[in-house]
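Novice: Sharing a model that was predicted from the sequence below.
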Amino acid sequence: MITKQDLPQKVQDAIDAIANDPDVKELVKRVESDSVPTTRHNYGRYMTFITTMCQGSENMGYIIGLALIQAGANRQGVTDALKIHSF
């Protein structure tokens, strides 16, 4: 997976803005604190969020994925969601 540092500054700024959004932080907190995950590393819940937010754009999916990880999401769960997701 590409890292944030590999991206142009404007994209890095967008990732920071998404990751610091209170609604995104709350979503990640709820997913990660779920005592009974429905999928391994919560990839299913992250895939649903990425699908909803990326609107079919693979690049946007990766940006959202990086933002989720920065916001505290399980890295493996997000990575698995991106691998499974069909853009």
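Specialist: Everything's here; your move.
Novice: Low-confidence bits of this protein, can you list those?
Specialist: Low-confidence regions of the chain, defined by pLDDT under 70, span residues 1, 87.
Novice: Which stretches in it count as helices?
Specialist: For the chain, the helices defined by DSSP state H occupy 9-19, 22-33, 43-54, 58-70, 75-84.
Novice: Okay, angle between the third one and helix 9-19 too, please.
Specialist: Computed with axes from the mean of the first three to the mean of the last three Cα atoms, to 10 degrees, the direction of helix 43-54 lies at 120 degrees from that of helix 9-19.
Novice: quick check, distance from helix 43-54 to the centre of its chain.
Specialist: The gap between the average C-alpha position of helix 43-54 and the chain average comes to 7 Å, counting by Cα atoms, centre = their mean, to the nearest Å.
Novice: for the helices of the chain, which one sits closest to Ile2?
Specialist: Ranking those by proximity to Ile2 (Cβ to Cβ) places helix 58-70 first, at 6.5 Å. Heads up, the C-betas are built off the backbone N, CA and C, glycines and all.
Novice: For that closest one, give me every contacting residue.
Specialist: Residues external to helix 58-70 that are found in contact with it (Cβ atoms under 8 Å, 6 or more residues apart in numbering): 1-4, 11, 14-16, 18-19, 24, 28, 46, 49-51, 53-54, 75, 78-79, 81-82, 85, 87.
Novice: Run the angle between that helix and helix 22-33 for me.
Specialist: If you take the same axes, to 10 degrees, helix 58-70 sits at 70 degrees to helix 22-33.
Novice: Between helix 75-84 and helix 58-70, find me the angle.
Specialist: For the pair helix 58-70 and helix 75-84, the angle between their directions (the same axes, to 10 degrees) equals 170 degrees.
Novice: residues of helix 58-70 that come out buried?
Specialist: For helix 58-70, burial by neighbour count (16 or more other Cβ atoms under 10 Å) applies to 61-70.
Novice: got it, and stretch 48-59?
Specialist: So stretch 48-59, judged by 16+ other Cβ under 10 Å, has buried residues 49-51, 53-54.
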